[in-house]
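A.B. asks: attaching a predicted model along with its sequence, questions to come.
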Amino acid sequence: MGEYSDLVLQFSRGLVARAAAEQGGIISGDNPVTYNASDPFRLWVVQLVLILAMTQLLNMILGRIRQPRVISEVIGGIILGPSVMGHIPNFKARIFPDAGKAGLTLTSTIGLIIFLFIVGLEINIKAIRRNVVAATAVSIVGLVIPLGLGAALGVGIYKEFINPAINYGYFLLFTAVAIGITAFPVLCRILTELNLLETTVGSVTLAAGVGNDVVGWILLALTVALVNASSGLTALYVLLSAVGYIIFLMYPVRWAYRWLARWTGSLERGSPTAGMMTLTLVLVFGSAFFTDIIGIHPIFGGFVVGLIVPHDNNYAISIAESLEDLVTMVLIPIYFTLSGLNTNLGSMNSGKAWGYTFLITTVALFSKFVPCFGAALMTGFNWREAGAIGSLMSCKGLVELIVLNIGLSAGILDTRSFSMFVVHAVIVTFLTTPLTLFFYPEKYRTRDLVKTDSIENAITTRPTSGHETKTRFALVLDRIEQLPAAMTISHLLGPKVFASNTIRTSSEEGSEKSIEKLPASNFTSRVSINAVRLVELSGRTSSVLKSQAADSLLQTDPIVSIFRTFGHLNNLLVSAVLSVVTREEYPTAISKHVAESESQMVILPWSRGSKAGDDGFDTRTFNPFDGIFHRGGTSNTKDQTSSVMYSEFIRNVFSTSIRDVALFVDRGIASPSSGLETQHLFLPFLGGPDDRLALSFLVQLARNPAVQATVVRIIKTDDLSRSSTQIMEKKDIGDTTLPISLNLQTLAAGDTIYGQHDTQTRLASETADTLAWERYTSASASHDAETTSALSRISFTALETPTPLRDIVDSVTKISVENSAKNVIVVTGRSRRMAVESHAAELKKIFTEAGASIGSSVPKTLGDVGAALVASNTRASLLVLQAISTT
């Protein structure tokens, strides 16, 4: 019987022999950490909790320097093993006794089988077809030369450290495989985390890694077969059985599996049915059982089954998502922690042992790096790209540790030699990421495959600023809940053609107002929206698969498909780009796509969420910040965007964006629509670059005949009496100047601000405010037909008040009541940059009156005006703009 079968039998005998223990348990004085062969579960749980806690703690530290999780798992095992905590009296005897490792070994082997199945899912043979010449050259020299140098290294190691009873030829073959193999799963994760999959370097390395990995597994299977066989003839039979079984799986079984997946509708849906999932698991464990009983390790059976699963319609991704969390978060850490537990640095108690460890590390690194570097240079790569390819191909990690554990269990390695190889694997894997970043930083990268769905890329509108019309936008989408907000703001950007020239605007008064009909063809150019679809990259295998399959994922993604259809129906040019990155890298990915698409403005939609009533239906709208304010009675809030996290993300986009940014906070549709209601925009103009952008953008939105707007210029006075509030007519507005205020707002560190400004720059800003205002309010200003039509639907007024935020809130409330059949949107500048006035004291008072318990998160995200409106729970949606910094 094979190793896997023996473990199952040993563990099952212990469970069958389980006696009826005293029912009192720990209450009766039972010690849960005392190993009991008839009841191993208690100690197994204790071991598992220690392993997961140690692994997670180390991963929190090492993950910040982009080290793969396997490093944390192995180092955690070394710490828990005889090298560190093993020196604590009775720690090993109580927590990790030799007899108690059977349960850990069995569960880790089960996890390893499923994990190798998932690794098989990751291997996409189509990847080899891209850059086939370079990939083949790198793969061949990256395998042949390390195999030769590994065998040569094995000669010295065998003479110094290995028992002569071990077959000399088998040991040389084993060391050759250990040095020559590349850890494909870890390689995939490093490529994804470093955003290299879309580069030529990434595609070549991935393709070379596929070939290297498959050949390496074949050689390892050969080694295990030779070691386990009693004679050469037996080894031949084992190999022939393995070859026959692989052919059987790759052809008739694969065809039958695909037919069943199609017949059950699993391929069409892109996810397996319960029956197909059961069949898949039966195939995985049945295949592992067969390769185990014929004398090859059970992991090979799981790996081969992964190769036959179809990738059509993201079917393989769905299977990986169903299995990966339990495997990668629980079972696999056990396996690699066992590697650390079997590592005893104390056995390396001589200079010769550490010298050979250094030699193994050097040979493993340079035998991969130098040949792959040279092959990349000869196939046309520059030295930076070649250095990155060589560094990536040197990666060991997970697969290397599997090889070493097989060697240990087969008796090829003893504890000391095993420890030497484990140390070398950790060091080489640790160096992979920093070496890659050293040779190939972001600024030198060139794209290979741009994962984009470009419908009309012929538009060459370049970014503009100031009052010029914006026609090219980047719209960020990372979840389906954002689609209503995205559709609302996109609908405003495009022209709206009415069937009738007259629409009803106030049912209560029974009056009608004429709104002119403006054909779409009259607009200077069509609006183009580049939808930036962001998919979070986690440590899960499915994220890696999604990154590799981003081309097909973009075509089938429901969010992109819905928005593309919406754009087509609304005369918008919609293109899409998909990026699989970590959440921390979302702002960087957005900036990169904005620069590539030459967008003029970034739009961030924020879904409104909902409030559920007693019947389970939404009863009223609310803002995404309700969860932050902790208002009474909001326990049933269903915020779809996780306010705090999304707020931080928005602030990062504001602070890093290279273009103007618009944040649209959607409060939902005000009332059931008859299809004829207009949108009403309200802009409180306080001054500053953000408000100037808001003013020009509002005028652009007002070109849509479905839009009416009110613009109020707010002038803050020093008089504390509310009675001093004055309303000025439009004819007086042009002569108004804003007072200079030196009461600067205190901003937290890391907020989005300009540098310190003196009186001269503030005067320049106020002058720019006046010019921008007069551009749209002066009777002598000349405009094109579209702008003139837009201005006819905008009401301009001015207001002097000592309490601008309170008056803005009151004005919005009044407009919302007067326009109850319309959707009211407040357009405002974020004004975290060079704000004209500080409103901190008034804002704090509004928070207190609203009963809100909040820090500075909302004002930093929305600005003072937006925060005041949110705290007052106004019904209007918000459109918060920030102008690109010119300093």
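C.D. replies: Cool, the structure landed.

A.B. asks: going forward, measure contacts and count neighbours with C-alpha atoms only.
C.D. replies: Fine.

A.B. asks: against Ile319, how distant is Tyr257?
C.D. replies: Distance, Tyr257 to Ile319, by CA to CA, to the nearest Å: 14 Å.

A.B. asks: give me phi/psi at Val707?
C.D. replies: phi -110, psi 130 (degrees, to the nearest 10).

A.B. asks: residues touching the helix or strand hosting Thr813, excluding its own?
C.D. replies: In the assignment (DSSP states H and E), Thr813 maps to helix 804-818. The contact list for helix 804-818 (CA atoms under 8 Å, 6 or more residues apart in numbering) reads 682, 684, 714-716, 801, 824, 826, 839, 842-843, 846, 864-865, 868-869, 872, 874-876.

A.B. asks: flag the shaky bits of the stretch 651-800 of the chain, pLDDT-wise.
C.D. replies: Scanning the stretch 651-800 of the chain for pLDDT under 70 picks out 668-677, 719-759, 761.

A.B. asks: in its sheet, what does the helix or strand just after the helix holding Thr813 sit against?
C.D. replies: Next helix or strand after helix 804-818 toward the C-terminus (DSSP H and E): strand 823-829. Here strand 823-829 has these sheet partners by DSSP bridges: strand 679-685 (parallel), strand 877-882 (parallel).

A.B. asks: out of those strands, the one nearest Val177 is which?
C.D. replies: strand 877-882 (57.1 Å; CA to CA).

A.B. asks: report the buried residues of that closest one.
C.D. replies: When neighbours are counted by 16 or more other CA atoms under 10 Å, the buried residues of strand 877-882 are found to be Ser877, Leu878, Leu879, Val880, Leu881, Gln882.

A.B. asks: can you pull the contacts of the residue most central in space within the chain?
C.D. replies: For the chain, the residue sitting closest to the mean C-alpha position, by CA atoms, centre = their mean, is Glu536 at 2.1 Å. If a contact means CA under 8 Å, 6+ apart, then Glu536 has Ser543, Val580, Val581, Thr582, Arg583 as its contacts.

A.B. asks: and which of those is nearest to Arg64?
C.D. replies: The nearest member of the contacts of Glu536 to Arg64, counting by CA to CA, is Thr582 at 12.4 Å.

A.B. asks: contacts only, for that closest one.
C.D. replies: Glu193, Glu536, Leu537, Ser538.

A.B. asks: quick one: which two of those are the most distant?
C.D. replies: The span of the contacts of Thr582, defined through CA to CA, is set by Glu193 and Glu536 at 10.9 Å.

A.B. asks: what touches both of those two?
C.D. replies: Val581, Thr582.

A.B. asks: now do the buried residues in the one helix or strand Ala93 maps to.
C.D. replies: Assigned by DSSP H and E, Ala93 belongs to helix 91-95. Within helix 91-95, the residues that count as buried by 16+ other CA under 10 Å are Lys92, Ile95.

A.B. asks: can you list contacts of the next helix or strand after it?
C.D. replies: Using DSSP H and E, the next helix or strand after helix 91-95 towards the C-terminus is helix 101-122. Identification of contacts with helix 101-122 by CA under 8 Å, 6+ apart yields 4, 7-8, 10-11, 40, 44, 185, 284-285, 288, 298-307, 309, 316, 320, 323-324, 327-328, 331-335, 338, 541, 544-545.

A.B. asks: next one: stretch 378-393
C.D. replies: 133-134, 142, 182, 187, 201-202, 204-205, 209, 368-374, 376-377, 432-433, 435-437, 439-440.

A.B. asks: now restrict these to buried residues only.
C.D. replies: 134, 142, 182, 187, 201-202, 204-205, 209, 368-374, 376-377, 432-433, 435-436, 439-440.

A.B. asks: let's see which of those residues end up in helices.
C.D. replies: 134, 142, 187, 201-202, 204-205, 209, 368-374, 376-377, 432-433, 435-436, 439 (DSSP state H).

A.B. asks: still on that earlier bit, next, format the contacts of Thr582 as a markdown table and append secondary structure.
C.D. replies: Converted to a markdown table, the contacts of Thr582 look like this (DSSP: H, G, I helix; E, B strand; the rest coil):
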| residue | secondary structure |
| --- | --- |
| Glu193 | helix |
| Glu536 | strand |
| Leu537 | coil |
| Ser538 | coil |
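
A.B. asks: closest to Asp557 out of the residues you listed?
C.D. replies: Glu536 (13.9 Å).

A.B. asks: coming back round to it: lowest-confidence entry in the buried residues of strand 877-882?
C.D. replies: Across the buried residues of strand 877-882, the smallest pLDDT goes to Ser877, namely 89.

A.B. asks: hang on, the earlier thing: out of the contacts of Thr582, who's nearest Trp606?
C.D. replies: Glu536 (17.2 Å).

A.B. asks: roughly how far apart are the closest one and Thr582?
C.D. replies: 5 Å.

A.B. asks: please apply the same query to Ser655.
C.D. replies: 18 Å.

A.B. asks: then Tyr315?
C.D. replies: For Tyr315, the distance to Thr582 (CA to CA) stands at 23 Å.

A.B. asks: how many neighbours does Leu553 have?
C.D. replies: Leu553: 17 surrounding residues under other CA atoms under 10 Å.

A.B. asks: helices or strands up against the stretch of helix or strand it belongs to?
C.D. replies: Secondary structure from DSSP H and E places Leu553 in helix 550-556. Counting by 3 or more CA pairs under 8 Å, 6 or more residues apart in numbering; DSSP states H and E, the packing neighbours recorded for helix 550-556 are strand 452-453, strand 573-581.

A.B. asks: packing partners of the longest one?
C.D. replies: Strand 573-581 is packed against helix 184-193, strand 452-453, strand 528-536, helix 541-548, helix 550-556, helix 558-569, helix 586-597, with contacts defined by 3+ CA pairs under 8 Å, 6+ apart.

A.B. asks: between the ones you listed, which gets nearest to Asp784?
C.D. replies: strand 528-536 (21.4 Å).
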